[in-house]
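1. model the structure of this input:
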Amino acid sequence: MAHTASPLDPAADLRFIRDTMERSASFTAVPGWGQVILGATALIAAWFAQQQFSRPSNSWLKIWLAEAFLATLIAAVSMIWKANRRGLPLFTGPGRKVALGLFPPLIVGAFLTFLLQRAGLEPALASAWLLLYGAGIITGGAYSVSIVPVMGLCFMATGALAALAPAAWANYFLAAGFGGLHIIFGFFIARRHGG
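-> Residues are numbered from 1 along each chain as shown. Okay, the predicted model is just below:
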């Protein structure tokens, strides 16, 4: 972003300085529109997964794992696109801190998925995924725009409710979290933080 303020415009100079400091202090390449797309694909996955939920096969889990792969791809592409468009570095400074806060809970979630599935506790996956994803969003979001940790808290609250609810509701909590929360917060981030 080029600085084009006139030497006689101190307000523009102050805005430029403030914007530059904010970009260097927090990760602003969180893709709002990417999150909206993530939420939409999660709602579609939830619909398909609900058709499989009561069947003895592990088709429900396969659908959600495919959604997780697709969501990772969408998030990566949309984050790179937003960072390039705004001239922001992805893996230096705040971007690296966001990744370091986000990835450990996601890795734990991958191993817990294997363990819970092997133990026959697939309905517990919804709560575990939502809680761990929320924890990752909070820790990584500490270096991002202020709404991101709030989103993480909402994911954790949804995961806590899923832990207390009947097992048959697990898929609905996944739809509410990965679908609804991504869409709601995605729109907010897109409007407030440039896409």
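
2. need the helices for this structure, in chain order.
-> With DSSP state H as the criterion, the chain has helices at 10-25, 32-52, 59-86, 94-118, 123-141, 147-164, 170-174, 182-192.

3. reformat these as CSV; add mean neighbour count and mean pLDDT.
-> Quick note: C-beta positions are derived from backbone N, CA and C, even for glycine. Supplementary listing: the helices of the chain in CSV, determined by neighbours: other CB atoms under 10 Å; pLDDT from 0 to 100:
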stretch, mean neighbour count, mean pLDDT
helix 10-25, 12, 59
helix 32-52, 19, 90
helix 59-86, 16, 85
helix 94-118, 16, 83
helix 123-141, 23, 90
helix 147-164, 19, 93
helix 170-174, 23, 93
helix 182-192, 18, 88
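
4. how far away is N58 from T158?
-> 23 Å (CB to CB, to the nearest Å).

5. please read the previous query as pertaining to F178.
-> Going from F178 to T158 by CB to CB gives 9 Å.

6. quick check: neighbours shared by those two?
-> Common contacts of F178 and T158 (CB atoms under 8 Å, 6 or more residues apart in numbering): L130.

7. for N84, which residues are in contact?
-> So N84 contacts nothing (CB under 8 Å, 6+ apart).

8. ignore what I typed, I meant W169.
-> Neighbouring residues of W169 by CB under 8 Å, 6+ apart: A162.

9. and stretch 163-181, how far out from the chain's middle?
-> In this view, stretch 163-181 has its centroid 16 Å away from the chain centroid, taken as CA atoms, centre = their mean, to the nearest Å.

10. what's the first-to-last distance across it?
-> Counting by CA to CA, to the nearest Å, you get 18 Å between the two ends of stretch 163-181.

11. let the chain start at 23 from now.
-> Okay, using 23 as the starting number, the last item reads as stretch 185-203.

12. from L196, how far out is the closest residue to G181 other than its chain neighbours?
-> Computed as CB to CB, 6 or more residues apart in numbering, the closest residue to G181 that is not its neighbour in sequence is L152, at 3.1 Å. Separation of L152 from L196 (CB to CB) stands at 7 Å.

13. and what of H204?
-> H204 is 11 Å from L196, where distance means CB to CB.

14. intersection of neighbour lists for these two?
-> Shared contacts of H204 and L196 (CB under 8 Å, 6+ apart): A64.

15. circling back to that earlier point, what sits against the residue nearest to G181?
-> By CB under 8 Å, 6+ apart, the contact set of L152 is F177, M178, T180, G181, A184, F195, L196, G199, F200.
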